[in-house]
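*Asks:* build me a model:
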Amino acid sequence: MTISIRQATRDDLSTAKTLLSDAGLPVDDLAATHLAFVGIAEDDVVGVIGFENHGRVGLLRSLVVAEDARASGLGRELVAALEASAREQGIDEIWLLTIDADPFFAQLGYQIRGRSSAPPEIAGTAEFTALCPGDAFLMCKAL
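*Replies:* Here you go, the predicted structure:
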């Protein structure tokens, strides 16, 4: 399966919500502006990564890869594309919340942090305050 990555568009929102929902990830406040990149295989969206830009820090919203595209390296490629884009935007740190993907993100250089260490821009997001459970791991990577 050949997979390519491109910037997400408004047209990807419905498919992204389905992928995220099927994976048990929050979609309640997801808007097209939260989508960053998608992975495409045979004209189908098989992966998505979201992002919120908060000035010098950013929030990696959600990363999901369709079951039939897992173990292809797409997740790593989507994170790499997001990080490169964030650097271009002047982002110094990327933060994320995860329930069970902490080993994956740790391999990519993200470190677990205490929730009290989140900058106000991240601590004030809907994902931090309402959408992710309080026992989710908070992780950060300096760019």
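
*Asks:* hey, where'd the helices end up in this structure?
*Replies:* For the chain, the helices defined by DSSP state H cover 13-22, 74-88, 102-107, 120-123, 126.

*Asks:* which one of those helices lies closest to residue 1?
*Replies:* The closest of the helices of the chain to residue 1 is helix 74-88. By Cβ to Cβ, the value is 9.5 Å. The way it works is simple: take the backbone N, C-alpha and C, and place the C-beta from them, glycine included.

*Asks:* how close does residue 109 get to residue 94?
*Replies:* Going from residue 109 to residue 94 by Cβ to Cβ, to the nearest Å gives 10 Å.

*Asks:* which residues touch residue 61?
*Replies:* Counting by Cβ atoms under 8 Å, 6 or more residues apart in numbering, residue 61 touches 30, 34, 36, 49, 50, 51, 52, 127.

*Asks:* can you tell me how far it is from residue 19?
*Replies:* Using Cβ to Cβ, we find residue 61 at a distance of 13 Å from residue 19.

*Asks:* show me where this structure has strands.
*Replies:* 4-7, 35-41, 44-54, 57-65, 93-98, 111-113, 137-142 (DSSP state E).

*Asks:* so what touches stretch 105-116?
*Replies:* Residues outside stretch 105-116 that contact it (Cβ under 8 Å, 6+ apart): 76, 79, 94, 96, 98, 102, 123, 134, 137-141.

*Asks:* what is the neighbour count of the closest residue to residue 68 other than its chain neighbours?
*Replies:* Leaving aside its chain neighbours, residue 68 sits nearest to residue 46 (7.2 Å; criterion: Cβ to Cβ, 6 or more residues apart in numbering). For residue 46, the count of nearby residues is 22 (other Cβ atoms under 10 Å).

*Asks:* could you do the one 3 residues further on as well?
*Replies:* Counted with other Cβ under 10 Å, the neighbours of residue 49 add up to 28.
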